[in-house]
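>>> Got a predicted model here, sequence first, then my questions.
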Amino acid sequence: MLNILYRRRSIRKYKVTKLDSATVQQLLKAALLSPSSKGTQPWQFLVVDDAELLKQLALAKKGAGLLKNAALGIVVLADPAKSDIWVEDAAIAATILHLTAETLGLGSCWVQIRERQFSETESCEEYVRRILGIPENLKVLAIISIGYPDESKPPYSDSDIKFDKVYLNKYGSKF
Ligand SMILES: Cc1cc2nc3c(=O)[nH]c(=O)nc-3n(C[C@H](O)[C@H](O)[C@H](O)COP(=O)(O)O)c2cc1C
């Protein structure tokens, strides 16, 4: 696990190669195995592999352009009626997707949708909901863009790890 965490980076450039259905299945299995508060599993996942839709999603905000060239985007949705802490549940599932992509030799990146604006009058969430026909009762947390990497980034090393963020027993006491 630690090796995967050292290697994991946000990858925003992708090859044109599509993902086979077995690989997509593995990603979804991982997401659907995510832990959730009281086991409520409030999340749902919308897999977008249609190039035209990905192009439209790429316009959702400034930091979404990478979706244009992704093999797919997995939209992470949640039903707030199922869990009052759906944000945490959905964020865990999104993280598991991101990490699983790394284990499969794929590149991926989190595209934040919740609390972001498409325009002065429309949130990113409303925009994504409109483009993809998502029902009003579901929240849109993020889109995980995924594809075969067309850029390489250096892995993290021990020198990147900030142990000064960790305390022992009492806040402020060095670990
Ligand atoms: C909650 C969250 C939201 C993010 N939103 C975006 C985004 O909208 N667009 C983007 O290109 N990257 C986004 N990222 C990726 C971060 O920019 C990236 O994780 C950070 O710069 C560290 O780089 P690394 O992932 O390669 O370690 C997001 C990451 C997280 C965890």
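Arrived safely. Residues are numbered from 1 along each chain as shown.

>>> Name the SS class of residue 108, please.
strand (DSSP: H, G, I helix; E, B strand; the rest coil).

>>> so what's residue 44 bridging to?
residue 77 (DSSP bridges).

>>> give the contact list for it.
77, 78, 79, 138 (C-beta atoms under 8 Å, 6 or more residues apart in numbering). Backbone N, C-alpha and C define where each C-beta goes, glycine included.

>>> quick one: which of those is nearest residue 149?
Nearest to residue 149 among these: residue 77, at 25.9 Å, using C-beta to C-beta.

>>> Hmm, the closest one is touching residue 46, no?
Yes: with contact defined as C-beta atoms under 8 Å, residue 77 reaches residue 46; the gap is 6.2 Å.

>>> Tell me which of these two has more neighbours.
Taking other C-beta atoms under 10 Å, residue 77 and residue 46 do not tie; residue 77 has more neighbours (26 against 16).

>>> I'd like the distance between that one and the ligand.
Remark: distance between residue 77 and the ligand (C-beta to the nearest ligand atom, to the nearest Å) = 16 Å.

>>> quick one on the thing from earlier: residues that sit against both of residue 77 and residue 46, list them.
Residues touching both residue 77 and residue 46 (C-beta under 8 Å, 6+ apart) are residue 134.

>>> ok, the contacts of residue 44 vs the ligand, which is closest?
Using C-beta to the nearest ligand atom, residue 78 comes nearest to the ligand of these, at 14.4 Å.

>>> Residue 67 should be in a helix, yeah?
Yes: applying three-state DSSP, one finds residue 67 inside a helix.

>>> list the contacts for it?
Here residue 67 is in contact with 54, 55, 57, 58, 60, 73, 111, 143, 145 (C-beta under 8 Å, 6+ apart).

>>> State the helix or strand in which residue 28 lies.
Residue 28 belongs to helix 21-32 when assigned by DSSP states H and E.

>>> helices and strands around that helix, which ones?
With contacts taken as 3 or more C-beta pairs under 8 Å, 6 or more residues apart in numbering; DSSP states H and E, helix 21-32 sits against strand 43-48, strand 72-78, helix 86-103.

>>> What are the buried residues along the last one?
Right, the one you point to is helix 86-103. Across helix 86-103, burial judged by 16 or more other C-beta atoms under 10 Å covers 86-87, 89-102.

>>> what about the most centrally placed residue in the chain, which SS state?
The chain has residue 144 as the residue nearest its centroid, 3.3 Å off, counting by C-alpha atoms, centre = their mean. With three-state DSSP as the basis, residue 144 sits in strand.

>>> For this protein, which residues are neighbours of the ligand?
Residues of the chain found near the ligand (C-beta under 6 Å from any ligand atom) are 9, 10, 12, 63, 66, 109, 110, 111, 112.

>>> now do 8 Å
Applying C-beta under 8 Å from any ligand atom, we find that the chain lies next to the ligand at 8-12, 61, 63-64, 66, 91, 94-95, 109-113, 116, 142, 153, 156.
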